[in-house]
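Asks: Dropping the sequence and predicted coords here.
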Amino acid sequence: MKPITAPRSACARTAPPLLRGAITPAPWFGFWRGLAFALWPGSRWPRGPVHAWHRVAQRRRRVLVALVLAMSGAALALRLHDGGTTHDALWWSATALMTLLLAWVGVGCATACVGAWALWRGDARALQLSGPRTPISAGARTAIVMPICNEDIAEVFAGLRATCESLAATGAMPLFDVFVLSDTADPALAQAEVRAWQRLRDMLGEPVGEGGGLFYRRRRRRAKRKAGNVADFCRRWGRRYRYMVVLDADSTMSGDTLVELVRLMEQHPRAGIIQTLPQIARPATLHARAQQFASRVSGRLFALGMAWWQLGDAHYWGHNAILRVEPFMRHCGLARLPGRGALAGEILSHDFVEAALMGRAGYEVWLAPHLAGSWECSPANLLDELQRDRRWCQGNLQNARLIAEPGFRAAHRTMFAVGALSYAVAPLWLLFIVLGLIGGGPSGVAASLWLLTLGLLLLPRLLGVAAIVACGEARAFGGVARLTGGALLELLLSTLQAPLRMLAHCLYVLGALTGLKLEWKSPPRGARALGWLDATRRVGALVVLPLALGWGLMRRAATVAIAPMLLPLTLAVPFTVLTGHPRAGRAVARLGLLRVPEESAPPRPLMRAGERTGFIDLEPVREGPATAVRPLRPGGWRIAPTMATVLMALMAAAVPLPGIAPELPPQWRAVSDIITSAHWREPTLLAQVQPPLRKRVLRDKPARMIDDALRQRAFEAVQRALAAEMPPV
């Protein structure tokens with residue numbers, strides 16, 4: 001029967017006719033109920049067929065576990081020789097933390113090593129095309145969806161234009177439809193989006209009428225953020241399409257990559273999600289350039305290593321990926337997490353959960369790091385990146401509640417645990433440092449363990465540089481000398497950022513666990529200069545207390561080990577402003593450092609995505625007070641404030657300690673140090689130390705603490721005193 005259609009409004013003419021479907025989320029078991037289900041005799045979740053790659057993945061993951069256990073076991077054996085045969089609770093606590101943290105670092109190092117091996121020898125089990133030129137069926141209709149919310153108009157539509165033009169050049173444009181899914185709340189900005197959509201249709205030659213492959217939809221009821229926006233599209237038009245490519249507002253993809261993704265899905269019918277490896281595009285600031293360089297040098301090895309371990313149980317990052325629509329609608333509905341607090345409610349990091357649900361339904365999730373032509377933008381400065389990390393932290397900790405859900409594959413359970421631990425490791429590092437300071441500072445064996453940890457952290461960077469040189473790609477990075485210099489500069493920047501990241505992640509974990517309000521705002525995209533006032537307000541409030549405590553403790557020789565943490569925190573404000581300014585990025589680019597191949601031979605989609613002139617006039621005039629993060633203007637950056645702040649920080653670091661905080665007298669300080677050492681390490685010395693006697697000061701009790709008996713005794717004492725002073729009669 002032909003469906004009855006109502007007259008369509010002007011707003012409805014921006015989208016195709018509806019073909020409704022359903023996404024019904026199933027309620028969660030919950031952690032304890034899921035654990036009981038797993039332990040109950042005879043309760044089993046139905047499993048799909050076992051394929052050859054499952055057995056290969058199990059063997060590879062056993063190798064990973066063996067490598068991590070070997071590294072952490074060797075460090076533990078070395079640690080057991082420190083401090084004799086008797087150990088106190090403090091020593092065992094530090095040892096347990098050390099073993100856990102070294103295992104965490106070992107996982108990353110082992111993944112990078114395997115990635116270097118896969119880059120050198122290849123991986124026969126990786127997802128591959130059997131025929132690169134295989135014709136695509138006309139029924140393989142694919143929707144490209146781009147959810148946006150209060151975004152930069154020129155940035156969004158310039159990138160989308162580049163993607164559509166590249167796709168049209170392949171001749172496969174009739175297989176694709178493009179949807180801009182807006183959650184923008186500002187009416188003026190929403191009108192600008194409609195005008196930009198109409199202009200993009202004119203640029204692409206779309207017909208002016210009901211048809212066309214470029215559509216715009218603005219939700220009136222903005223629920224569940226990006227996940228709800230994509231689910232709303234699936235309910236309205238999902239049944240029209242076999243596949244769906246999800247983009248972010250700053251994403252750009254080449255047409256060849258999009259067509260290859262469709263071919264991969266056609267040739268692998270069990271694949272539910274195929275995730276590309278997005279590269280950072282068009283960095284303007286020093287911070288963004290460093291992130292781009294790191295993703296191309298060592299990030300490629302990590303991605304290849306993850307694909308080697310995971311195979312068909314890979315990650316989904318929520319964008320620059322293709323999904324099979326029918327199983328996504330049937331199995332990937334997201335129910336609310338029960339309970340109260342910050343870790344309940346709507347799921348924030350929906351992508352990991354959707355990958356696990358797709359795997360539970362019997363479909364495969366693949367990471368394809370070999371596919372080029374996939375780009376995204378990076379936050380321009382460290383503060384914007386930390387703002388993004390805040391919501392990622394809460395989402396990953398929230399996903400840890402789903403570890404015991406029945407039917408999830410072991411790799412996806414591990415993915416939930418690793419995602420939560422990636423932020424929870426920050427307070428663990430801080431606790432380990434504090435325990436080390438209480439224990440009297442680093443010993444010889446502890447120094448060896450720190451060197452081992454440093455080696456495990458540096459090895460992925462060394463392997464990344466060596467892999468580029470061995471593959472003959474060094475020239476595209478500016479030559480071996482500039483490649484090495486860029487690697488050293490990126491290492492320096494990441495080292496200076498590490499203490500600030502650790503403190504920020506500690507606060508984010510604390511906020512997620514205590515239920516503090518989370519502001520869900522996307523960081524500004526594009527090159528924007530970070531203001532000194534904003535940097536001082538946000539960074540200064542974070543580092544003042546740790547700096548005060550650190551410099552106050554520096555009078556003890558054992559705490560000199562925290563100096564590498566205190567200096568970056570002291571320079572946090574000028575460092576954040578300097579690395580977040582495009583002028584510093586341009587200066588480094590002129591030196592030829594942090595260079596990537598896209599700079600010397602930029603792909604055409606990237607060049608077109610950077611041309612914003614076609615949409616820049618559509619930006620609405622924003623009303624309201626000026627913010628501390630401001631657009632660039634000529635002469636907007638001054639070197640004098642940076643140098644003055646750096647000079648003040650260095651002077652503060654060089655001032656003698658008595659000038660920072662008064663110290664105790666030498667004899668009192670010596671007794672205090674002996675007592676602290678005796679309490680933690682040698683309890684027998686405590687009895688030999690006699691601290692100086694203090695004069696006891698008797699304080700008057702408040703009136704509310706005086707009882708009647710005390711009042712009577714005081715009254716009698718006054719009477720006796722008066723009787724003694726009276727002259728005899």
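Replies: Great, that's in hand.

Asks: Going by neighbour count, list what's buried in stretch 430-438.
Replies: Residues Leu430, Phe432, Ile433, Leu435, Gly436, Leu437, Ile438 are the ones in stretch 430-438 that count as buried (16 or more other Cβ atoms under 10 Å). The way it works is simple: take the backbone N, C-alpha and C, and place the C-beta from them, glycine included.

Asks: Also stretch 487-507?
Replies: So, applying 16+ other Cβ under 10 Å, buried residues of stretch 487-507: 487, 489-490, 493, 496-500, 502-507.

Asks: try stretch 167-185
Replies: Buried residues in stretch 167-185, counted by 16+ other Cβ under 10 Å: 167-168, 170, 172-173, 175-184.

Asks: Please narrow the residues you listed to those residing in strands.
Replies: Of the buried residues of stretch 167-185, the ones assigned to strands by DSSP state E are Phe176, Asp177, Val178, Phe179, Val180, Leu181, Ser182.

Asks: just checking, the third one touches Phe157?
Replies: What it means is Val178. No - between Val178 and Phe157 there is no contact under Cβ atoms under 8 Å: 11.1 Å.

Asks: that older thread, from the buried residues of stretch 430-438, which single one is nearest Ile136?
Replies: Leu430 (52.6 Å; Cβ to Cβ).

Asks: show me what contacts that closest one?
Replies: By Cβ atoms under 8 Å, 6 or more residues apart in numbering, Leu430 lies in contact with Met502, Leu503, Cys506.

Asks: From the chain's centroid, how far away is the helix or strand where the last one lies?
Replies: The secondary structure element spanning Cys506 is helix 480-514 (assigned by DSSP states H and E). Averaging C-alpha positions (Cα atoms, centre = their mean, to the nearest Å) puts helix 480-514 11 Å from its chain's average.

Asks: Report all helices and strands that it contacts.
Replies: helix 286-297, helix 382-399, helix 410-438, helix 444-470, helix 532-553, helix 563-570, helix 572-579 (3 or more Cβ pairs under 8 Å, 6 or more residues apart in numbering; DSSP states H and E).

Asks: Looking at those helices, which is nearest to Leu337?
Replies: That would be helix 382-399 among those, by Cβ to Cβ, at 6.6 Å.

Asks: Could you give the average pLDDT over that closest one?
Replies: Averaging pLDDT along helix 382-399 yields 90.

Asks: okay, and the helix or strand of the chain with the least pLDDT?
Replies: Lowest mean confidence among the helices and strands of the chain (mean pLDDT, DSSP states H and E): helix 657-660, at a mean of 33.

Asks: Need the buried residues of stretch 430-438 in a markdown table (columns: pLDDT and distance to Glu716).
Replies: Output for the buried residues of stretch 430-438, formatted as a markdown table (pLDDT from 0 to 100; distance: Cβ to Cβ, whole Å):
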| residue | pLDDT | distance to Glu716 |
| --- | --- | --- |
| Leu430 | 85 | 59 |
| Phe432 | 84 | 62 |
| Ile433 | 80 | 60 |
| Leu435 | 79 | 57 |
| Gly436 | 73 | 60 |
| Leu437 | 70 | 56 |
| Ile438 | 71 | 52 |
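
Asks: May I see those residues arranged in JSON lines, with distance to Met415 as well?
Replies: JSON lines is the format used below for those (distance: Cβ to Cβ, whole Å):
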{"residue": "Leu430", "distance to Met415": "25"}
{"residue": "Phe432", "distance to Met415": "25"}
{"residue": "Ile433", "distance to Met415": "28"}
{"residue": "Leu435", "distance to Met415": "30"}
{"residue": "Gly436", "distance to Met415": "31"}
{"residue": "Leu437", "distance to Met415": "34"}
{"residue": "Ile438", "distance to Met415": "35"}
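
Asks: and of the residues you listed, the nearest to Ser448?
Replies: Gly436 (13.8 Å).

Asks: Can you name the residues in contact with stretch 461-475?
Replies: If you take Cβ under 8 Å, 6+ apart as the criterion, stretch 461-475 is touched by 112-113, 115-116, 119-120, 297-298, 300-301, 477, 480, 483-484, 487, 490-491, 597.

Asks: Please spell out which residues along it are buried.
Replies: Arg461, Leu463, Gly464, Val465, Ala467, Ile468, Ala474.

Asks: Specify which member of those is nearest to Val353.
Replies: Of those, the one sitting nearest to Val353 (Cβ to Cβ) turns out to be Gly464, at 30.9 Å.

Asks: Which strand or helix spans the residue lying closest to Arg61 once chain neighbours are set aside?
Replies: Once flanking residues are discounted, Arg61 sits nearest to Trp309: 6.0 Å by Cβ to Cβ, 6 or more residues apart in numbering. Secondary structure assignment for Trp309, by DSSP H and E: helix 299-310.

Asks: what helices or strands is the helix or strand following that helix leaning on?
Replies: Toward the C-terminus, helix 299-310 is succeeded by strand 321-324 as the next helix or strand (DSSP H and E). Contact here means 3+ Cβ pairs under 8 Å, 6+ apart; on that basis strand 321-324 packs against strand 243-246, helix 255-267, strand 271-276.

Asks: The helix or strand just after strand 321-324 packs against which elements?
Replies: Counting by DSSP H and E, the next helix or strand C-terminal to strand 321-324 is helix 325-331. For helix 325-331, the packing partners by 3+ Cβ pairs under 8 Å, 6+ apart come out as helix 225-237, strand 243-246, helix 350-360.

Asks: Can you pull out the residues in contact with the last one?
Replies: Here helix 350-360 makes contact (Cβ under 8 Å, 6+ apart) with 45, 226-227, 272-273, 313-318, 327-328, 331-332, 334, 347, 365, 395-396, 399, 402, 405, 407-409, 411-413, 415-416, 419.

Asks: Any quick ChimeraX command for the buried ones out of those?
Replies: Buried residues among the contacts of helix 350-360 (16+ other Cβ under 10 Å), as a ChimeraX selection:
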select :226,227,272,273,313,314,315,316,317,318,327,328,331,332,334,347,365,395,396,399,402,405,407,408,409,411,412,413,415,416,419
